[in-house]
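Peer 1: What follows is a protein structure lacking sequence information:
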């Protein structure tokens with residue numbers, strides 16, 4: 001966490017001040033409400049979100065209505081960042097599974113800053129690597145590891161980003177994340193409660209014991225967590241250029257490469 005007025009998103013905090021200034025006039029602070037969809041698979045990516053708190057799952061929707069989560073995003077990352085590769089539909093549906101806040105910028109403005117700034121390109125490259133590792137490990141985990149270990153791993157991933165032992169999750173949400181029936185989630189909850197990994201499971205609130213849940217999870221959680229730890233970090237900087245109501249406090253002109261300004 002950072003002091004009031006600071007940036008808690010790891011990617012933004014890693015940028016030098018001059019490079020962050022390319023983004024700052026266009027960043028707006030927005031609320032990430034529970035269960036809100038930030039982007040939907042098959043639709044154009046309109047915004048890039050840099051979470052300052054909360055947890056987001058990237059979901060794959062199958063033709064028969066089944067879903068499964070492929071990655072988790074929190075203040076260590078961003079949603080919609082791959083829009084810098086060019087205009088294309090989103091490959092996944094991004095769903096908020098723990099409420100928080102985020103700095104939001106239009107995908108086109110972020111693309112322009114990406115083209116101007118080697119530092120922004122470096123941050124994007126580092127985060128893209130971390131996400132690829134998460135996707136690859138997730139695919140292997142889904143194919144090879146028992147569903148109980150996978151559920152423990154997902155609860156830990158969401159806990160890491162929510163920074164609290166009480167997770168605002170329903171069993172229905174967990175079934176969608178894991179790609180299993182809700183009855184399967186109910187059975188898994190009983191097993192994890194018996195191990196002391198879950199302390200309570202009230203409607204829409206799951207309280208975990210982190211150390212015991214880690215013992216129940218597969219090794220994929222530690223591998224993914226280690227990759228996040230390798231993300232670039234720096235001391236948080238001021239975000240005074242964004243007012244609390246989410247409206248930029250600076251002019252909306254955006255500096256383009258070569259010192260000119262876009263209109």
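Peer 2: Thanks, I have it. Quick caveat: nothing in here was measured; it's all calculated off a predicted structure.

Peer 1: List phi and psi for the most centrally placed residue in the chain.
Peer 2: Centroid-nearest residue in the chain: residue 73, 1.6 Å away (criterion: CA atoms, centre = their mean). Torsion angles at residue 73 (phi, psi; degrees, to the nearest 10) stand at phi -130, psi 130.

Peer 1: distance of the nearest residue to it once chain neighbours are set aside from residue 92?
Peer 2: Distances taken as CB to CB, 6 or more residues apart in numbering put residue 56 closest to residue 73, at 4.4 Å, once the chain neighbours are dropped. Every residue, glycine included, has its C-beta placed from N, CA and C. Residue 56 sits 10 Å away from residue 92, going by CB to CB, to the nearest Å.

Peer 1: Next: residue 112.
Peer 2: Note on residue 112: its distance to residue 92, by CB to CB, is 24 Å.

Peer 1: same check, this time on residue 170
Peer 2: Taken as CB to CB, the span from residue 170 to residue 92 is 21 Å.

Peer 1: Tell me which of the two has more neighbours.
Peer 2: Taking neighbours as other CB atoms under 10 Å, residue 170 and residue 92 compare with residue 92 leading, 20 against 17.

Peer 1: which phi and psi does the closest residue in space to the more buried one that isn't next to it in sequence have?
Peer 2: Sequence neighbours aside, residue 58 is the residue nearest to residue 92 in space, at 4.1 Å (criterion: CB to CB, 6+ apart). Per-residue torsions, residue 58: phi -90, psi 120 (degrees, to the nearest 10).

Peer 1: so residue 58 makes contact with residue 73?
Peer 2: Yes: assessed by CB atoms under 8 Å, residue 58 is found in contact with residue 73 at 6.8 Å.

Peer 1: Please enumerate the shared neighbours of those two.
Peer 2: Common neighbours of residue 58 and residue 73, counting by CB atoms under 8 Å, 6 or more residues apart in numbering, are 79, 94.

Peer 1: State the number of residues packed around residue 99.
Peer 2: When neighbours are counted by other CB under 10 Å, residue 99 comes out with 16.

Peer 1: Now for it: which residues touch it?
Peer 2: Listed by CB under 8 Å, 6+ apart, the contact partners of residue 99 are 31, 32, 33, 34, 54, 168.

Peer 1: hang on, the third one packs against residue 96?
Peer 2: Yes: because the distance of 6.4 Å satisfies CB under 8 Å, residue 33 is recorded as touching residue 96.

Peer 1: Please say which of the two ends up with more neighbours.
Peer 2: Neighbours per residue (other CB under 10 Å) separate residue 33 from residue 96, with residue 96 holding more: 24 against 10.

Peer 1: in a strand, that's where that one is, yeah?
Peer 2: Yes: assigned with DSSP: H, G, I helix; E, B strand; the rest coil, residue 96 falls within a strand.

Peer 1: Hmm, residue 38 and it touching each other?
Peer 2: Yes: proximity of residue 96 to residue 38 meets the contact threshold set by CB under 8 Å, at 6.7 Å.

Peer 1: what sits in contact with each of those two?
Peer 2: Common contact partners of residue 96 and residue 38 (CB under 8 Å, 6+ apart): 32, 56.

Peer 1: Enumerate every residue touching residue 82.
Peer 2: With contact set as CB under 8 Å, 6+ apart, residue 82 has these partners: 45, 128.

Peer 1: no no, residue 91
Peer 2: Residues in contact with residue 91 (CB under 8 Å, 6+ apart) are residue 41.

Peer 1: and the gap between residue 89 and residue 70?
Peer 2: Residue 89 is 16 Å from residue 70, by CB to CB.

Peer 1: Specify which residue of those two has the higher count of neighbours.
Peer 2: Applying other CB under 10 Å to residue 89 and residue 70 shows that residue 70 carries more neighbours, namely 17 against 11.

Peer 1: Over to that one. Which of the three states is it?
Peer 2: Following three-state DSSP, the label given to residue 70 is strand.
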